[in-house]
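> below is the structure, and that's it, no one-letter string:
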DNA sequence: TTCGATGTTCGTTGAACATCGAACAAGCTA
DNA sequence: TAGCTTGTTCGATGTTCAACGAACATCGAA
């Protein structure tokens, strides 16, 4: 578990953000984190192998969409909402609204007892 | 020049839109069309081969971002702004604003005498 | 009808991506 | 220390994507 790299707010780039949000699974993850709360990696319920989830989390992190935090062996995830709002006003809100009305990422959620 | 397929407004999907707008060249094209006007294919000045431009135009069209119209051998392009606004309110505006402040797609423009 | 202009399509190539299982690293816990 | 838990990384596979030049199709003009 090497220390993860998070781009600075000013280094977040639009094409990368758009690319990161072009996958239904990743959109679903962002929706799960939309309330601003921090979630445990293990809480995330996703219909793919854990290595695949790790990959998607990394894509979102590298693009600057989410932030991950290590605590012991556990990993916590949260949406970089303020940063994104500063950088690209209205964008994340519009995407979340669109995803909601369209049901994109509905298959993604939290484990039952979370 | 087979007749091009344009998705109906209700069939436009968020991930496809996001994917279509994840490429700087395509973002640049959208910016060129942002004033709502119709532009001739040949007016577009893009630093790629025409076959590559054709590819990008097709990606945008298939995603529902732009509409193309045939007139003789010429092709005219315009942004489907109203449709997008109906489908995903605020999204295209936010992307255009972000692209503008970031200078994404600045290399794309119109031929000098257009 | 022949020629030129305008895009589209084809075939190819190298890069990027999504996915999986296996192996690994790091930190708790017994 | 030994073992368990939690994610990450690796290696492999198949798919998609951006890019190019060449060939093609279509229409207007000569």
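Perfect, I can see it now. Only a predicted model underlies this, so the values are computations on that prediction, with no experimental measurement involved.
> which residue packs closest to residue A:7, ignoring adjacent ones?
Nearest in space to residue A:7, with sequence neighbours left out and distances taken as CB to CB, 6 or more residues apart in numbering or on different chains, is residue A:64 at 4.5 Å. C-beta here means a position set from N, CA and C on the backbone, and glycine is covered the same way.
> pretty sure that neighbour contacts residue A:12?
Yes: contact criterion CB atoms under 8 Å: residue A:64 and residue A:12 qualify, at 3.5 Å.
> residues contacting residue A:52?
residue A:46 (CB atoms under 8 Å, 6 or more residues apart in numbering or on different chains).
> quick one on the thing from earlier: what sits in contact with each of residue A:64 and residue A:12?
Any residue near both residue A:64 and residue A:12 by CB under 8 Å, 6+ apart counts here, and that gives A:83-84, A:87.
> and those residues as a markdown table, adding secondary structure, neighbour count and pLDDT?
Output for the shared contacts of residue A:64 and residue A:12, formatted as a markdown table (DSSP: H, G, I helix; E, B strand; the rest coil; neighbours: other CB atoms under 10 Å in any protein chain shown; pLDDT from 0 to 100):
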| residue | secondary structure | neighbour count | pLDDT |
| --- | --- | --- | --- |
| A:83 | helix | 19 | 98 |
| A:84 | helix | 23 | 98 |
| A:87 | helix | 21 | 98 |
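> filter those by proximity to chain B?
Checked against chain B using CB under 8 Å from any CB of the partner chain, these yield the following neighbours: residue A:87.
> following the chain onward from the single longest helix found in chain A, which element is next?
The helix of greatest length in chain A, counted in residues with DSSP state H as the criterion, is given as helix A:50-63. Heading C-terminal from helix A:50-63, the first helix or strand you meet, by DSSP states H and E, is strand A:66-71.
> what sits up against that next one?
Here strand A:66-71 makes contact (CB under 8 Å, 6+ apart) with A:1, A:3-4, A:6, A:29-30, A:33, A:38, A:41, A:57, A:60-61, A:75-80.
> at 10 Å what do you get?
If you take CB atoms under 10 Å, 6 or more residues apart in numbering or on different chains as the criterion, strand A:66-71 is touched by A:1, A:3-4, A:6, A:20, A:26, A:29-30, A:33, A:38-41, A:57-61, A:75-81, A:83-84.
> how far off centre is that strand?
11 Å (CA atoms, centre = their mean, to the nearest Å).
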